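Asker: Mind looking at a prediction? Sequence and model below.
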Amino acid sequence: MINLFDKKESWGKRKRKSQQDKALVEMVKLGYEKSARVKQMLDDAGINPGEIKSREDLECLPVTSREKLVDMEMQQPPYAGLENPDVVIDRIFTSPGPVYEPHLSETDYLWARAFFAAGIGPKDVALNAFLYHLVAAGLTFHNGLRRVGATVVPSGTSSSQVQVQLIKDLKVTAYVGTPSFLKSIIDKSKELGFDFKKDFLVKKACFAAEPLLPDLRRSFEKDYGIDTYQMYGATEVGDVAYECSQKKGWHICEETIVEIVDPATGKNVPEGEMGEVVVTRLNDIFFLLRFGTGDLSRIITETCPCGRTSYRLAGIAGRVGEAIKVRGLFIAPSQIKMFQAKFNNLPLQAVVSRTGHEDVLKLRIEKISPEIGSASWEENFKKVFREICTVGINNVEYLNAGEIKPEEKLIVDQRGY
Ligand SMILES: [Zn+2]
């Protein structure tokens with residue numbers, strides 16, 4: 001039996017698209033009527049709101065980055081004129097910038113999809129170790145947890161010693177917070193003489209706001225018996241994607257439209273290629289169309305065995321500024337690191353140059369063991385590189401051990417512009 005949060009999660013591709021397009025049309029229409037900013041943006045682009053009929057039509061509108069949103073809000077405080085003035089906002093969050101975000105508490109249930117997918121429910125006592133004041137995290141995760149029926153301990157960012165005490169006394173079963181904070185709570189518990197796995201009941205953890213490094217994940221799961229899940233969102237747009245028990249990509253939330261765009265043009269990249277994650281949260285309060293997260297990812301379209309039919313994000317590969325485009329495809333340092341890990345952290349460097357109009361990708365590798373450099377080794381090396389980074393390697397240069405200095409960049413771009 002497939003266990004899903006609601007029917008939306010099993011919608012067919014056509015049904016989901018038509019429902020989302022319908023909600024988008026309503027959002028744009030309402031935004032044009034209620035928000036002077038949205039009206040101005042569409043008028044400037046020479047677009048009649050009726051011309052936005054589907055997600056594909058969003059491409060004609062500009063992407064709004066966080067920096068741009070800060071500027072817009074400074075010019076027109078507090079919400080840049082993007083809000084619906086007819087709605088009474090019940091909470092205003094802020095995040096560094098500052099950016100002000102109007103929220104309605106009833107929309108918080110959206111994080112519930114993530115908690116449900118992590119198996120959190122009425123039998124759980126969840127420690128919510130996210131900050132509760134000013135920023136959205138604490139309260140929105142809190143309400144999402146309530147929505148799936150869990151009892152919440154709003155511990156916020158109290159000291160790790162206090163968190164250990166709460167976990168012990170209140171028989172906490174699930175942790176919600178950053179991975180690094182869970183690590184320090186575990187370390188503190190050891191210091192206090194506890195065996196985290198034996199003495200406590202924490203069996204699930206949902207992380208956000210920080211990347212979950214593979215080693216740490218393995219340690220949480222193996223050493224401490226904690227089943228871990230990643231959640232992805234941004235204060236400006238709420239929850240965007242969440243992991244299911246398959247842990248192979250993050251399902252895109254039903255209430256958001258996610259585009260993967262070329263940051264230089266704002267146009268969608270071909271399906272499956274890497275680009276910037278651009279989010280439109282379908283709602284009728286805050287008409288922020290096409291929010292550019294600055295994060296790099298790609299879409300996985302294959303069906304997930306968990307039963308959810310939404311497309312997935314393949315994690316976050318890095319930030320827009322860090323990536324380099326080779327033959328039209330982005331490569332991020334994090335992808336190179338992931339590739340490196342497959343070869344025992346072999347010291348290497350990617351160098352991009354240009355011959356004529358062609359981009360040339362060379363991999364410099366330290367020949368630290370005898371098998372490195374054989375024809376079969378190189379063939380496999382290139383194959384794995386293409387699997388992880390999508391781009392093919394043109395040539396490989398073999399170096400002596402120690403030739404690549406630790407301070408050297410992982411990706412070097414030698415192309416002149
Ligand atoms: Zn799934």
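Answerer: Nice, I can see it.

Asker: Gln19 versus the residue of the stretch 51-200 of the chain found nearest the ion, what's the distance?
Answerer: Using CB to the ion, the single residue of the stretch 51-200 of the chain nearest to the ion is Ala117, 7.4 Å away. For every residue, glycine as well, the C-beta is placed using N, CA and C. Using CB to CB, to the nearest Å, we find Ala117 at a distance of 20 Å from Gln19.

Asker: Those two: which is more packed in?
Answerer: Using other CB atoms under 10 Å, the more surrounded residue of Ala117 and Gln19 is Ala117, with 25 against 14.

Asker: That one touches Phe5, doesn't it?
Answerer: Yes: taking contacts as CB atoms under 8 Å, Ala117 lies within contact range of Phe5: 7.3 Å.

Asker: Point to the residue nearest the middle of the protein.
Answerer: Nearest to the geometric centre of the chain sits Tyr232, at 4.0 Å (CA atoms, centre = their mean).

Asker: What is the neighbour count of the closest residue to the residue of the stretch 51-200 of the chain closest to the ion other than its chain neighbours?
Answerer: For Ala117, ignoring the flanking residues on the chain, the nearest one in space by CB to CB, 6 or more residues apart in numbering is Cys244 at 4.6 Å. Other residues near Cys244 come to 25 when the count uses other CB under 10 Å.

Asker: measure Cys244 to the ion for me?
Answerer: Distance from Cys244 to the ion, counting by CB to the ion, to the nearest Å: 3 Å.

Asker: so what's that residue up against?
Answerer: Contact partners of Cys244, counting by CB atoms under 8 Å, 6 or more residues apart in numbering, are 117, 251, 304, 306, 308.

Asker: 6 Å - rerun?
Answerer: Cys244 sits next to 117, 251, 306 when contact means CB atoms under 6 Å, 6 or more residues apart in numbering.

Asker: what's the closest of those to Lys15?
Answerer: The shortest gap between Lys15 and any of those belongs to His251, at 16.0 Å (CB to CB).

Asker: Look at that closest one and say how many residues are nearby.
Answerer: 23.

Asker: Test of understanding: give the bridge partners of it.
Answerer: Tyr242, Arg312 (DSSP bridges).

Asker: what pLDDT does it get?
Answerer: On pLDDT, His251 comes in at 98.

Asker: Tell me if I'm right that it and Ser310 touch.
Answerer: Yes: the pair His251 / Ser310 is scored as a contact, 4.8 Å apart, by CB atoms under 6 Å.

Asker: phi, psi of the residue nearest to Arg327 when sequence neighbours are not counted?
Answerer: Closest residue to Arg327 apart from its sequence neighbours, by CB to CB, 6+ apart: Asp359 at 4.8 Å. With angles defined as degrees, to the nearest 10, Asp359 sits at phi -80, psi 140.

Asker: and Val326, what does it touch?
Answerer: Going by CB under 6 Å, 6+ apart, the list of residues near Val326 reads 352, 359, 361, 391.

Asker: With Leu166 instead?
Answerer: By CB under 6 Å, 6+ apart, the neighbours of Leu166 are 153, 155.

Asker: so after the strand or helix carrying it, what's the next helix or strand?
Answerer: Per DSSP states H and E: Leu166 is located in helix 160-169. Sequence-wise, the next helix or strand downstream of helix 160-169 (DSSP H and E) is strand 174-177.

Asker: residues from this structure in reach of the ion?
Answerer: 244, 246, 304, 306, 308 (CB under 5 Å from the ion).

Asker: switch to 8 Å and redo it
Answerer: Counting by CB under 8 Å from the ion, the chain comes close to the ion at 117, 243-246, 248-249, 251, 304-308, 312.

Asker: and the longest helix seen in the chain, what other elements does it pack with?
Answerer: Longest helix in the chain, counting residues (DSSP state H): helix 13-34. Applying 3 or more CB pairs under 6 Å, 6 or more residues apart in numbering; DSSP states H and E, we find helix 13-34 packed against helix 36-44.
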